[in-house]
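Participant: only geometry, no sequence info:
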C-alpha cells in the first residue's frame, strides 16, 4: 500500500495525536501538490463532484482564502459561510448548523471556531470529515504543517534545529500546534516573551522557556514571531504595547543578534512596528510570503487525504494522487 493509502484519518482535529509517520505523509503529499500548482494549469481533478463548506465563525483572511483556493485547485465546489451571515446569529446551535450542512449533501466541513474542542465535538455529530482551521487557543494544525513544510524546504531535516517562537504564546493556537509538530520532527524549541505570556509551565511540553529576547534568538535557526492576541486576552498581561515592543520587538538594530542565515517567520496577520519592524518583515531573511504560498499545497494535501480516508470508510475508491 502506498503512503497515501496508509492515511486513515478522515478528520484533522489537531497535531497532538498525529504520529511522525502521519505528518510525513501529509508533507510528502503536499510536495506533490506544490509541483502541480506551479504549472500553468493549476487544477487537478481529484475532488471533482465534491462539495466543501468553509464554515468560518471567527475572522480570517489567509486561512479561509487558502483553504478555498486549495479546494478549488482540487476541483471541488466550495461554499463559504461566515458567522455574521449565518443562522448562528439567530440562535442556531453549532450542531444544527453542521447537521443542516451535511443534509445539503456537503462532503466536508472546514471550520474555524472560538471554542477549543469544537471540532472534536462536531466530529462526533456528523459523518463527513471535519478539518480544524483553528479552535480558540487550542490548535491550528494546518498552519503548523505549512510552517514546518517551509522550514524543511530551507533547512532540510529539522532534527536538532533550533526554533524560537517569540510573542504571545499563552493565547496562541499556532504556537501549540507548532510545538507538537516540531517536537515530533526532533527540533529544539524555545518559547520567548514576557513571563505573563510565556509561563514556566510550558516547559512540561518539552520546550525551553526564555524571557530575554537576545538570549532566545542568538542561536536560533528560525525565529517565528507571533502577534499579541488582544481578542483572547481577558486581562492585561503587560503595561503597554510600547513597553512590549521595547523589550521583545524585533527591529533593525536587533537584527544582528540573529545568525545571518536565520529564517524569519510569521503566521500573520503582522502588527508592523509591534512584534516586528518592516525592515525585517520585508527582508531577504523573511519567508513570510512563502509560508502563505505553501499553505495552499499543505491544505490541498490535508483535504485530499481526509477525503480519501472518508471514501475508503464507505467502501469507495478515492481518486489517485495526481502526477
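Facilitator: Yep, that arrived. Everything numeric here is computed off the predicted structure, so don't read it as measured data.
Participant: Quick one: list the elements packing against the host helix or strand of residue 298.
Facilitator: In this assignment (DSSP states H and E), residue 298 forms part of helix 288-313. Packed against helix 288-313, as judged by 3 or more C-beta pairs under 8 Å, 6 or more residues apart in numbering; DSSP states H and E, are the following elements: helix 20-37, helix 62-73, strand 108-113, strand 130-135, helix 141-155, strand 263-265. Just so you know, the C-beta spots here come from the backbone N, C-alpha and C atoms, and that holds for glycine as well.
Participant: got the angle between the fourth one and helix 141-155?
Facilitator: Orientation of strand 130-135 against helix 141-155 (axes from the mean of the first three to the mean of the last three C-alpha atoms, to 10 degrees) gives an angle of 80 degrees.
Participant: Reformat the helices and strands packed on helix 288-313 as TSV; add mean neighbour count, mean pLDDT and distance to residue 274.
Facilitator: Output for the helices and strands packed on helix 288-313, formatted as TSV (neighbours: other C-beta atoms under 10 Å; pLDDT from 0 to 100; distance: least, C-beta to C-beta, whole Å):
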stretch	mean neighbour count	mean pLDDT	distance to residue 274
helix 20-37	18	96	31
helix 62-73	21	97	18
strand 108-113	25	97	23
strand 130-135	26	98	21
helix 141-155	23	98	20
strand 263-265	23	98	15
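Participant: Relative to residue 255, which of those is closest?
Facilitator: Ranking those by proximity to residue 255 (C-beta to C-beta) places strand 263-265 first, at 9.1 Å.
Participant: residue boundaries of the strands in the stretch 201-323 of the chain?
Facilitator: Using DSSP state E, counting those that start in this stretch, the strands of the stretch 201-323 of the chain run over residues 208-210, 222-225, 263-265.
Participant: The longest one pairs with which strands?
Facilitator: Same thing as strand 222-225. Applying DSSP bridges, strand 222-225 is found paired with strand 162-166 (parallel), strand 263-265 (parallel).
Participant: Compare the ones you listed and give me the one nearest residue 221.
Facilitator: The nearest among those, by C-beta to C-beta, is strand 162-166 at 5.1 Å.
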